[in-house]
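J.: any chance you could fold what I've pasted below:
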Amino acid sequence: MNARKKHVIKMAHQLFIDKGFQATSIQDILEYSGISKGTFYNYFSSKNELLIAIFNTIYKDLEKERNELLIGQDPSNIEIFIKQIELQLKTNRTSKLVSLFEEVFVSNDDDLKQFIKRGHLRMLHWLFHRFIDLFGEEKRPYLLDCSIMFTGILQHNLKYDAFANQSHASIHKVVQYSVDRIVKMVNEVAESGDQLVQPELIDSWVPVCKKLDQSFQQKLYHAALALKKTLNHNEEHSQHIELLDFIQDELLQSKSPRKFLVDSALLSLKTNQLVLEKIELQKLEQLVSDFFAQIEE
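T.: Numbers count the residues shown, from 1 in each chain. Here you go, the predicted structure:
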């Protein structure tokens, strides 16, 4: 995305916060961002498409920051999860996402409503797989139910804490309290064996990735193999060879590839000077980037 288009998105976002989405005209956006009507329509087919671009920009920045919190950390560390949830809530607040969502829901635009719905499902998908990190595969059958319950608990706790405490409301306190409750609920639900929603449904609601073509698999295999040949098979380099194996397995075998772990593995590979100097590392990084870009489509 070029700098000018980013500027328009930023200016329009501020206008939507100040005036509201419905009350802001395209002419307002042209004047505030200093562009012509032709430039606007070169970037966006409508004001609705511009709003979707704003949401996508916020989501991508949030995902990047959320994943960065996990780099070099244990995914099962519940304190990291709490920081991720707090980050999301603070992003929602500073970006005024809730008020923008409310405007979409009262509109008659089905495309916008479907986009918001997909965004909520993506959040649920992320939450479900983070719960697997936190609570283990053995509790998977109950973790979609628990993810759904957690979103409701958190939403209502935030609402009524703000109502009760007003300016003294604490995001951290609410998140900590809500997480403490869901930890106990996960154990109780798993012990009872009760299940409401089949967890396999989440991947049909949010298809993680299109079927990988043979070309991608071959390119990934050859890039990894070339880097392995660079490394001597001794103890000093065995960890880096294991990292290459992990990246292949995560992209080709995992039902829900974890970008933060792949990014962390690539970062560790770059500490090896032999690998860092190889063009194959750049090829591998590009393959990884293309893979996750496909997931986000």
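J.: now do the SS call for the residue nearest the centre of the chain.
T.: With distances taken as CA atoms, centre = their mean, the residue of the chain nearest its centroid is E63 (3.7 Å). Secondary structure state of E63, per DSSP: H, G, I helix; E, B strand; the rest coil, is helix.
J.: please list all residues in contact with the residue lying closest to it once chain neighbours are set aside.
T.: Using CB to CB, 6 or more residues apart in numbering and skipping the chain neighbours, the partner closest in space to E63 is K259 (7.9 Å). Backbone N, C-alpha and C define where each C-beta goes, glycine included. Going by CB atoms under 8 Å, 6 or more residues apart in numbering, K259 touches E63, N67, F292.
J.: same check, this time on I17
T.: Contacts of I17 (CB under 8 Å, 6+ apart): K96, S99, L100.
J.: how about 7 Å then?
T.: Going by CB atoms under 7 Å, 6 or more residues apart in numbering, I17 touches K96.
J.: the helices in the stretch 51-200 of the chain, which residues?
T.: With DSSP state H, counting those that start in this stretch as the criterion, the stretch 51-200 of the chain has helices at 78-95, 97-106, 110-135, 140-165, 171-192.
J.: and the shortest one, how far out from the chain's middle?
T.: To tie it back to what came earlier, the one meant is helix 97-106. Centre-to-centre, helix 97-106 and its host chain are 20 Å apart (CA atoms, centre = their mean, to the nearest Å).
J.: then the first one?
T.: Its chain's C-alpha centre lies 12 Å from the corresponding centre of helix 78-95 when counted by CA atoms, centre = their mean.
J.: and that helix, what does it pack onto?
T.: Other helices and strands packing on helix 78-95, by 3 or more CB pairs under 7 Å, 6 or more residues apart in numbering; DSSP states H and E, are helix 47-68, helix 110-135, helix 171-192.
J.: tell me the domain ranges of the protein?
T.: Domain assignment for the chain by the TED database gives 75-205, 214-296.
J.: centre of the chain versus the shortest one, how much separation?
T.: Translated: domain 214-296. Centroid displacement of domain 214-296 relative to its chain, using CA atoms, centre = their mean, is 21 Å.
J.: mind listing what Y32 touches?
T.: M11, L15.
J.: how close does it sit to R140?
T.: 48 Å (CB to CB, to the nearest Å).
J.: so for stretch 147-167, what gets flagged as buried?
T.: S147, I148, M149, F150, T151, I153, L154, N157, L158, D161 (16 or more other CB atoms under 10 Å).
J.: touching it from outside, list them.
T.: With contact meaning CB under 7 Å, 6+ apart, stretch 147-167 is reached by L124, L127, F128, F131, A169, V174, Y177, S178, R181, I182, M185, V197.
J.: hang on, isn't E103 packed against G20?
T.: Yes - here E103 lies in contact with G20, judged by CB atoms under 7 Å, at a distance of 6.2 Å.
J.: re earlier: the residue nearest to E63 and F16, how far apart?
T.: 29 Å.
J.: can you tell me which helix or strand of this structure has the lowest average pLDDT?
T.: helix 273-276 (a mean of 73; mean pLDDT, DSSP states H and E).
J.: next, the buried residues of that helix.
T.: By 16+ other CB under 10 Å, the buried positions in helix 273-276 come out as V275.
J.: helix or strand next in line after that helix, which one?
T.: Counting by DSSP states H and E, the element after helix 273-276 in chain order, helix or strand, is helix 279-296.
J.: re the thing from before, just put the domains of the chain in JSON lines and tack on distance to S46.
T.: As requested, the domains of the chain are exported to JSON lines (distance: least, CB to CB, whole Å):
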{"stretch": "domain 75-205", "distance to S46": "10"}
{"stretch": "domain 214-296", "distance to S46": "22"}
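J.: of all these, which one is nearest T24?
T.: For T24, the closest of the domains of the chain is domain 75-205, at 10.1 Å, according to CB to CB.
J.: so R130 makes contact with F81?
T.: Yes - at 6.0 Å, R130 and F81 qualify as touching, with contact defined as CB under 7 Å.
J.: quick check: mean pLDDT of stretch 139-151?
T.: For stretch 139-151, mean pLDDT is 96.
J.: ok now it, how far from the chain's centre?
T.: Here the centre of stretch 139-151 is set off from its chain's centre by 18 Å, with CA atoms, centre = their mean.
J.: need the CA coordinates for that stretch. PDB is fine.
T.: Extracted in PDB, the C-alpha atoms of stretch 139-151 (Å, rounded to 0.1, in the frame of the first residue of the first chain):
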ATOM      1  CA  LYS A 139      -9.200 -30.300  26.200                       C
ATOM      2  CA  ARG A 140      -9.700 -29.400  22.600                       C
ATOM      3  CA  PRO A 141     -13.300 -30.900  22.400                       C
ATOM      4  CA  TYR A 142     -14.400 -28.300  24.900                       C
ATOM      5  CA  LEU A 143     -12.400 -25.300  24.000                       C
ATOM      6  CA  LEU A 144     -14.600 -23.800  21.300                       C
ATOM      7  CA  ASP A 145     -17.400 -23.700  23.800                       C
ATOM      8  CA  CYS A 146     -15.100 -22.100  26.300                       C
ATOM      9  CA  SER A 147     -13.900 -19.500  23.700                       C
ATOM     10  CA  ILE A 148     -17.500 -18.500  23.100                       C
ATOM     11  CA  MET A 149     -18.200 -18.200  26.800                       C
ATOM     12  CA  PHE A 150     -15.000 -16.200  27.300                       C
ATOM     13  CA  THR A 151     -16.000 -13.600  24.700                       C
END
